[in-house]
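Student: need a 3D model of the sequence below.
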Amino acid sequence: MDTYITGATVKKLREAKGLTQSQLAVQIGVSSKAVSKWETAKGLPDISLIEPLSEALGVSVMELMSGETVTNRNTSANILFSKFYVCPVCGNIIHTTGATVVSCCGITLPALEAEETDEAHPIRIEAVEDEHFITIDHEMSKQHYISFAAFVTSDRVQFVKLYPEGNAETRMQLRGRGYLYIYCNQHGLMKKKI
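Tutor: Numbers count the residues shown, from 1 in each chain. All right, here's what the predicted structure looks like:
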């Protein structure tokens, strides 16, 4: 298995919590020698201990397995810090309002990094009554299409799912300042400041 708990991870997290090997052992019901073996790479925790170990160390199972802890510094819950994730297996689209560990179909998903929209993905926005008609000049074949559009401001997210063989267009209420995101299944996430 490529991803598994390493001794260095257990030691780092244990020390960060201010626990001794004995204190950690008591919390999860093993001997301090077992914890010592894990930390010196002379053994691995049993699969049944992964959940209690992650709880005792104050991290998620995914963080424990990957060895990377996630600290969400988005303390004011500003939606402008939104992150988008797309599962390459099922196409599931996940939106979060800050840093997190996201897993779908058994895969840990990286947050998509948005590039500014380019000439290959031009966006036209026309005011129509109290909404805006958004058109993305892009093919919508089963092989190459825009999967979603989202408008993100500091207090709300409008999200529209688009489908292959449909039109790359939608209506949204563009109130306030923010970013219009589009996701191309071949070129990734792009954004335009509104």
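
Student: then Ile182 would be within a strand, right?
Tutor: Yes - assessed by DSSP: H, G, I helix; E, B strand; the rest coil, Ile182 belongs to a strand.

Student: hey, which helix or strand in the protein has the poorest pLDDT?
Tutor: The least trusted helix or strand in the chain, going by mean pLDDT, DSSP states H and E, turns out to be helix 61-66, with a mean of 75.

Student: CA-only coordinates of it in PDB, if you can.
Tutor: Only the C-alpha atoms of helix 61-66 are listed here, as PDB (Å, rounded to 0.1, in the frame of the first residue of the first chain):
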ATOM      1  CA  VAL A  61      -8.000   9.000   9.400                       C
ATOM      2  CA  MET A  62      -7.100  10.500   6.000                       C
ATOM      3  CA  GLU A  63      -4.600  13.000   7.700                       C
ATOM      4  CA  LEU A  64      -3.100  10.100   9.700                       C
ATOM      5  CA  MET A  65      -2.700   7.900   6.600                       C
ATOM      6  CA  SER A  66      -1.200  10.700   4.400                       C
END
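
Student: quick one: strands adjacent to the helix or strand just after it?
Tutor: Sequence order places strand 83-86 as the next helix or strand after helix 61-66, per DSSP states H and E. Strand pairing for strand 83-86, determined by DSSP bridges: strand 93-96 (antiparallel).

Student: give the buried residues for the strand it pairs with.
Tutor: Residues Ile93, His95, Thr96 are the ones in strand 93-96 that count as buried (16 or more other Cβ atoms under 10 Å). Any C-beta I mention is one placed from the backbone N, CA and C, and that applies to glycine too.

Student: all strands of this structure, in order?
Tutor: Taking DSSP state E, the strands of the chain run over residues 83-86, 93-96, 102-104, 107-109, 115-116, 123-128, 131-136, 146-153, 157-161, 169-172, 178-184, 188-193.

Student: so which residues make contact with the third one?
Tutor: To tie it back to what came earlier, the one meant is strand 102-104. Met62, Tyr85, Cys87, Val89, Cys90, Asn92, Ile94, Thr96, Thr108, Leu109, Ala111 (Cβ atoms under 8 Å, 6 or more residues apart in numbering).
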